[in-house]
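[1] Mind folding the following:
(chains A and B)
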Amino acid sequence: MDIHSGRITAVMGPSGTGKTTLLKLIGGQLRPDQGEILVDGQNVHQLKRSDLYRLRRKIGMLFQSGALLTDISVFDNIAFPMREHTRLSESMIRHLVLIKLQAVGLSTASHLMPSELSGGMARRVALARALALDPMMIMYDEPFTGQDPISLGVLVKLIRDTNHALKLTSIVVSHDVEETLSIADDVKIISEGKVVADGSVDEVQHSGSAWVQQFVDGMADGPVPFHYPGPSIGELLMAGVKTR
Amino acid sequence: MKPIMTSIARLGRGCIFLSKTLLAVPQLLPRFGLVVQQLHSVGVQTLLIILVAGLFVGMVLALQLYYTLNTFGAEDILGLVVALSLVRELGPVVAALLFAGRAGSALTAEIGLMKATEQLSGLEMMAVDPVERVIAPRWLAGFISMPLLAAIFSAVGILGGYLVGVDLLGVDSGSFWSQIQDKVEFYDDVVNGIIKSVVFGFIVTWIAVFEGYDCIPTSEGVARATTRTVVHSSLAVLGMDFVLTAIMFQ
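    Here you go, the predicted model:
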């Protein structure tokens, strides 16, 4: 699988197919059983710890849960990577944090604690934190989940504009087909650990594969079973207590 | 056979984790504020239960010993017996058990929840070592706090013994203090008690932070890890107490 630099790549597929695992492999948090992962020309899993950390400073990641530090405020969460990895003055950090928060519409919420945020707000703060060090690559794990329509529209625009303005490489893992395809340059659909469709948005949308069409159109019937494999509901009901 | 192998594997992981934590401790010097923050949450917030428990343990000890000593007309040594019991044994052991219940369980739950909510993974992806940023300050704070809490427990216990022995039961105040001053040895009694509490602090905090870091990141996993911290810490304290007592006071 190749992820092209400077482009937005959408990674899509059914739940449990390994999309988040793929992001963790790219970030060096998991080790592959076989094969290798190259980021910016470096084999992630052969790097020394210090080199891996140097590489990670250039990678932003938006976690599914937000992963904000719960014992510090929104402001301090975004300032955290700046304080850890730069020698910027506190006044400069303050300016940068407020700019990042303004981008996600939360500059007036800097004093709040993460426990006071809604799920959608927490995700936007996490996005601001992922952008804090102006990384070369950002990985988004389900960025649109739990967003109201207004925030969703702003986020979609923000991801697209940030990527194009800063020439970032973005990997977006998402189930939200419409929103994701509206900003993606490339699309990869994976299933059971394999890439089943790979190409531009147009190519994937007009793919002849019944599997891809079922996923893109969100159909219950098709090659991918909606129901978990096993006996039918009729068989289960007839079996009565034996199914226990 | 499988449970034994699992336990050995956990012990191995625990030892590797401890060595990483100890190696991270020198990195804390430039950011000692993190340790001070944890000293407050691990040490200061455990103070109340230590003070109250110490006071009552000393009071009960004096009450029980007074009636026994009185039978032999030896109530003058009440202060000495209370002080020796607390400094050598009850201070370090009971303080460590309370510490495991109050601070140890809180440490495990906090770290376990940080793992469950991907905060530790988030730190790693921000190129910040969670062992250095989260674990080492908490471990060091626990290690520093434990001997201090044990010392406070013993001191308050002796005061409790004084209140009951002297003020309530009429033991002579001069005898109470002079016996302690005369017979409690600094190296043999006080220092050995401090050594015990240092060892207990090391073990309890190690178990607490490891259980949190190694737990299964679910509600049930965190709950089980918290329970394991209290049970394993208490057993380790009692077991080590026997070993240390056998070595120190033979």
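
[2] count of neighbours near residue 97?
    Went with chain A since none was named. 23 (other CB atoms under 10 Å in any protein chain shown). C-beta: built from backbone N, CA, C; applies to glycine.

[3] To clarify, I was referring to chain B.
    19.

[4] At the contact with chain A, which residues of chain B appear?
    Residues of chain B lying close to chain A (CB under 8 Å from any CB of the partner chain) are B:114, B:117-119, B:121-129.

[5] Swap in 7 Å and give it another go.
    Contacts of chain B with chain A, taken as CB under 7 Å from any CB of the partner chain, map to B:117-119, B:121-122, B:124-128.

[6] pretty sure B:T218 is touching B:A116, no?
    Yes. Counting by CB atoms under 7 Å, B:T218 touches B:A116, with 6.5 Å between them.

[7] Looking at those two, which one has more neighbours?
    B:A116 (17 against 12).

[8] That one is in contact with B:P217, isn't it?
    Yes. Counting by CB under 7 Å, B:P217 is a contact partner of B:A116 at 4.0 Å.

[9] Of all the residues in chain B, which one is nearest chain A?
    In chain B, no residue comes nearer to chain A than B:G122, which is 3.4 Å away by CB to the nearest CB.

[10] these two touch, right, that residue and A:F63?
    Yes. Counting by CB under 7 Å, B:G122 touches A:F63, with 5.9 Å between them.

[11] Run a quick neighbour tally on residue 142.
    Went with chain A since none was named. 18.

[12] looking at chain B here, not the other one
    B:G142: 27 neighbours (other CB under 10 Å).

[13] next one: phi and psi at it?
    Main-chain dihedrals, B:G142, degrees, to the nearest 10: phi -70, psi -40.

[14] Mind telling me which residue of chain A is nearest chain B?
    Residue nearest to chain B within chain A (CB to the nearest CB): A:A67, separated by 3.4 Å.

[15] What residues does that residue make contact with?
    Contacts for A:A67 (CB atoms under 7 Å, 6 or more residues apart in numbering or on different chains) come out as A:126, B:117-119, B:121-122.

[16] Got the confidence number for residue 59?
    Looking at chain A here, since you left the chain open. What the model reports for A:I59 is a pLDDT of 92.

[17] think we crossed wires, I meant chain B
    Model confidence at B:M59, given as pLDDT, is 96.

[18] does it count as helix, strand or coil?
    Put simply, B:M59 is helix when judged by DSSP: H, G, I helix; E, B strand; the rest coil.

[19] Do a quick rundown of the helices in the chain.
    Using chain A here. A:19-26, A:49-56, A:74-85, A:90-103, A:119-130, A:149-166, A:177-183, A:201-205, A:210-217, A:233-239 (DSSP state H).

[20] wrong one, chain B
    B:2-24, B:32-38, B:47-71, B:78-84, B:91-99, B:105-116, B:119-125, B:130, B:136-162, B:173-183, B:192-214, B:219-248.

[21] Please state the offset of the helix-or-strand element of chain A with minimal mean pLDDT from the chain centre?
    Using mean pLDDT, DSSP states H and E, the weakest-scoring helix or strand in chain A turns out to be helix A:210-217, at a mean of 77. Distance, stretch centre to chain centre, for helix A:210-217: 21 Å (CA atoms, centre = their mean, to the nearest Å).

[22] just checking, what packs against that helix?
    Helix A:210-217 is packed against strand A:194-200, helix A:201-205, with contacts defined by 3 or more CB pairs under 7 Å, 6 or more residues apart in numbering or on different chains; DSSP states H and E.

[23] okay, that helix in PDB with CA atoms only?
    The C-alpha coordinates for helix A:210-217 follow below in PDB (Å, rounded to 0.1, in the frame of the first residue of the first chain):
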ATOM      1  CA  ALA A 210     -20.000  -5.600  -6.000                       C
ATOM      2  CA  TRP A 211     -18.200  -5.500  -2.700                       C
ATOM      3  CA  VAL A 212     -17.000  -1.900  -3.100                       C
ATOM      4  CA  GLN A 213     -20.400  -0.800  -4.400                       C
ATOM      5  CA  GLN A 214     -22.100  -2.400  -1.400                       C
ATOM      6  CA  PHE A 215     -19.800  -0.500   1.000                       C
ATOM      7  CA  VAL A 216     -20.000   2.900  -0.700                       C
ATOM      8  CA  ASP A 217     -23.800   2.700  -1.100                       C
END
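
[24] report the angle between the axes of that helix and strand A:194-200?
    Interaxial angle, helix A:210-217 versus strand A:194-200 (axes from the mean of the first three to the mean of the last three CA atoms, to 10 degrees): 70 degrees.
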